[in-house]
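K.L.:
structure for this input, please:
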Amino acid sequence: SKYLDALSGDEYKALSKKLWAIQNHRCFICEEEIDLDVQTTNIDHIHPLVTGGKDEENNFAITHEYCNKSKQDADLVVAKKIVQLDKILKAAENNKESPSLKHVLSCNGGAKYPFKFKIENGNLIYSFDELGDTKVRKTEFFIDELSKEQTAYINVPIEYLFHDDFLNPRGLNSSVNLLIKEFYKSNPQLQIALARMDGNKIKLFDGQHKTVAQIMLGVKKIA
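P.N.:
Numbers count the residues shown, from 1 in each chain. Below is the predicted model of the structure:
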C-alpha cells in the first residue's frame, strides 16, 4: 500500500488507534477484542486493491496480525463472514451436534414462525404477517402428472425457513466457504433450494450449502 508505506511510524500508530476506536476495540475479522498494548496488529484494506478497493483511509481496518495472516480470503469482508460461520459450526460441534443449516438459521434470526397458508383453485394463498408484511400473496401450483405432487415457487423469509434434518441429516462441509466467496463476487449458483411442507413448517432439504452462504452474506429471503 502506497498510502501506508508513506506514513511515518507515529502516523501509522495514530491510524491504528483511530481504526481501533472506530471498530470498538475489536478485530475486523474475528470481532474479538484487540489490546494494543499486548497484541500485534495489522492494518489492511477492507476491499483489496486488485478488485477495485481504494488505497485510502476509509478502506482500511485493523486486525489481529494472526487473523490477517490466517484469513481465508483477500477480502476482509469475506474473511469475516467465514470466521463468523466457523464460530457457529464450532459451537454446534461443542454441543455434540453435526453443524447444519439449522444452526446458521438459529444464529441469524431464522426458523421462528409457522407458515400460514391455504389452497384455493390451484393456488397457494399465504402471508408473512408476523414480520409486519400484511400482504396476502397468491402463487400458482404446478402439478406433476404422474405423482400429482404440487409444487410452488416462492421467496421465503428466513424467519419461516427450517432445516429438514430428516430428509437431509448431513452436516455442512468446507464447500460452503467457497460458495461464500463466489456469491460475494456476484457469481451465482443457479440451482434453486428445494423445501417441503411438513405440517405448518417449510423445511429445506436440498441446497443447504448455497442457502447458508446466502444467509452469511446477509440474504433474508431464500427462493
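K.L.:
what ranges does this structure have for its helices?
P.N.:
Listed in chain order, the helices of the chain (DSSP state H) span 2-5, 9-22, 65-70, 76-94, 101-107, 175-184, 208-216.
K.L.:
L190: which of those is closest?
P.N.:
When the helices of the chain are compared by CB to CB, helix 208-216 sits nearest L190, at 9.7 Å. The C-beta positions use only the backbone N, C-alpha and C, and glycine is treated the same way.
K.L.:
can you give me the angle that closest one makes with helix 175-184?
P.N.:
If you take axes from the mean of the first three to the mean of the last three CA atoms, to 10 degrees, helix 208-216 sits at 50 degrees to helix 175-184.
K.L.:
E11 - how many residues pack around it?
P.N.:
If you count neighbours by other CB atoms under 10 Å, E11 ends up with 11.
K.L.:
hey, what's T139 bridged with?
P.N.:
Beta-bridge partners recorded for T139 (DSSP bridges): L124.
K.L.:
just give me the neighbour total for it.
P.N.:
14.
K.L.:
repeat that for N95.
P.N.:
Using other CB under 10 Å, N95 has 9 other residues around it.
K.L.:
pLDDT score for it?
P.N.:
Note on N95: pLDDT of 93.
K.L.:
do the same with the one 4 residues further on
P.N.:
In the predicted model, P99 carries a pLDDT score of 95.
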